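Trainee: Quick one, fold the following:
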Amino acid sequence: MNLAGAFGLNDRELVSFVGAGGKKTAMRYLAMEMTNRNLTAGYTTTTHMPPPDEFPLVLAFPDELPAALVDYETPVAFASDRVENPKRADEKVRGYDQTVINSLFRHGTLDVILVKADGARRREFKAPGSNEPVIPELSTSVIVVASVRAVGAPLEAPIVHRPERVSTITGLDIASPLTSEAVGTVLADEAGGLKDVPAEATAILLVNKADTPAQRETARDIVSTVFEQTDRFDRAIVSSFETETLEVAENK
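Mentor: Purely as a prediction, here's the structure:
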């Protein structure tokens, strides 16, 4: 796979991930790819996150950055401290205010910073809450993630995070089956997938978990709906990390 190429990323990037259905997996893949380009890459959050098992974890208060990262080989995960008694995970760490990440990016200690900018409680699809996402304003790209497995599932937990907000955007009743059009409508909405994406950032759609031919066709339907409703996304990627599939569609 060449996820960095599919996203169209360069060698100096601050990439924020929002949505549900594969943020952490995409971040791990991308961190490794950037390191294989001989770039330095960091993995962090503006909220909470389980630290990736594959990477060393640096815990440092904001005033200790960037010095705390200098001696570590990358990719490296970094956060401010541990979360006591975390829910839905064996371990979680607390990230940083977006101003801290902006400052670190300006400093240039890391070539690439990857940021988990919201939470989804391990669900397949979501609409953001009133206080999220928390996207650093210097983000060069924002990856908006959704899982194709949400299509056909009822608009409720455990598939959907904040189903009431999805209902508000789409007009669907709670517990109604989610359609590809409804998923695309949320992703294209300024109160949905595009909420608080910085004006200067490139917005990229990632429709994930398209593991079968039928799921890939459904994912393409979602992409078509999004492109019909907004030109804000530069491109869309239909992906399956299970089958190592990437399909790129430009929003022309």
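Trainee: Glu190: neighbour count?
Mentor: 12 (other CB atoms under 10 Å). To be clear about C-beta, it is placed using only N, CA and C from the backbone, and glycine gets the same treatment.
Trainee: Next up, phi/psi of it, please.
Mentor: With angles defined as degrees, to the nearest 10, Glu190 sits at phi -70, psi -20.
Trainee: now do the same end-to-end measure for stretch 150-161.
Mentor: Taking CA to CA, to the nearest Å, the first and last residues of stretch 150-161 lie 11 Å apart.
Trainee: What mean pLDDT does that stretch get?
Mentor: The average pLDDT for stretch 150-161 rounds to 97.
Trainee: can you give me the offset of it from its chain's centre?
Mentor: With CA atoms, centre = their mean, to the nearest Å as the basis, stretch 150-161 stands 18 Å off its chain's centre.
Trainee: same deal with stretch 126-136?
Mentor: With CA atoms, centre = their mean, you get 11 Å for stretch 126-136.
Trainee: Can you tell me what sits against that stretch?
Mentor: 14, 16, 18-20, 46-47, 98, 101-102, 105, 115, 117-120, 142, 160-162, 165-166, 168-169, 186, 189, 191-192, 195-198, 201 (CB atoms under 8 Å, 6 or more residues apart in numbering).
Trainee: Now, these that are in helices?
Mentor: Gln98, Ile101, Asn102, Phe105, Arg165, Val166, Thr168, Ile169, Val186 (DSSP state H).
Trainee: Once you drop chain neighbours, what's closest to the first one?
Mentor: This means Gln98. Pro136 (4.2 Å; CB to CB, 6 or more residues apart in numbering).
Trainee: now do the fourth one
Mentor: In space, Phe105 comes closest to Leu14 once its chain neighbours are excluded; the distance is 4.6 Å by CB to CB, 6+ apart.
Trainee: Good, wrapping up.
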